[in-house]
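Engineer: pasted the sequence and its predicted model underneath.
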Amino acid sequence: MDKSVEQRDAISITGLRYYGYTGYLAEERMLGQWFEVDLTLWVDLLAVGNSDHLEDTLDYRQLVERVRHQIETAKFNTMEHLATQIARSILQCKQAQKIRVRLTKVSAPIPDFSGKISVEITRTPSDFVNS
C-alpha cells in the first residue's frame, strides 16, 4: 500500500471471549480467567468490494482462530504482551495494514474491585520487522 494513501477501510471483530492463563499472579497463569478481545483491522477493501471473492480480503474465521489460540495457549505475565502477540499473529496476514487490539481482563484479581481492566494497542507490520 502507498503510505500516502489514507487507510479508510476497516474490519471490526468484537466480543471475542476466551479463557486464558495470562497474568502476573501465579494463580492467574495456573487457574486462568476470562478475556475479551475487540479488533479493528485496517485493510484495503476495494478489491473485495468489486470482486466479492473471499481471497481478496481477510478470512474472519482465521482471525478469530488466531486470537483464540493466543489466549488459550499463552502463559504471559502481562496483558500488554498478550495483546502484542495477538497483533503480531494477525499482522502476518498480508492484507492487514494496521491493527488495534483491545484486550480486557473480565475479572481482575484485585481486592474490592468489580470492574474490568483493558489495554489497547495499535500496531503496523513495520513495528515487528526487527523483533
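Structural biologist: Yep, that arrived.
Engineer: which elements pack onto the top helix by length along the chain?
Structural biologist: Looking across the chain with DSSP state H, the single longest helix is helix 60-73. When contacts are defined as 3 or more CB pairs under 8 Å, 6 or more residues apart in numbering; DSSP states H and E, helix 60-73 packs onto strand 10-20, strand 33-42, helix 79-90. Where you see a C-beta, it was placed from the backbone N, CA and C, and this is true even at glycine.
Engineer: so where is the protein shaky, pLDDT-wise?
Structural biologist: In the prediction, the chain carries residues with pLDDT under 70 at positions 1-6, 131.
Engineer: on that earlier part again, closest to residue 103 out of the helices and strands packed on helix 60-73?
Structural biologist: Among these, the nearest to residue 103 by CB to CB is helix 79-90 (4.3 Å).
Engineer: follow-up on the earlier one: now the helices and strands packed on helix 60-73 in a markdown table, with distance to residue 55 and mean neighbour count?
Structural biologist: Converted to a markdown table, the helices and strands packed on helix 60-73 look like this (distance: least, CB to CB, whole Å; neighbours: other CB atoms under 10 Å):
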| stretch | distance to residue 55 | mean neighbour count |
| --- | --- | --- |
| strand 10-20 | 15 | 14 |
| strand 33-42 | 16 | 20 |
| helix 79-90 | 17 | 20 |
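Engineer: so for residue 108, which of the ones you listed sits nearest?
Structural biologist: Within the helices and strands packed on helix 60-73, the stretch nearest residue 108 is strand 33-42; the backing value is 8.2 Å (CB to CB).
Engineer: tell me the secondary structure of the residue of the chain positioned farthest from its centre, please.
Structural biologist: Outermost residue of the chain with respect to the C-alpha centroid, by CA atoms, centre = their mean, is residue 112; its distance is 28.8 Å. Put simply, residue 112 is coil when judged by DSSP: H, G, I helix; E, B strand; the rest coil.
Engineer: for it, give its distance to residue 104.
Structural biologist: Counting by CB to CB, to the nearest Å, the separation of residue 112 from residue 104 is 19 Å.
Engineer: could you do residue 84 as well?
Structural biologist: Counting by CB to CB, the separation of residue 84 from residue 104 is 15 Å.
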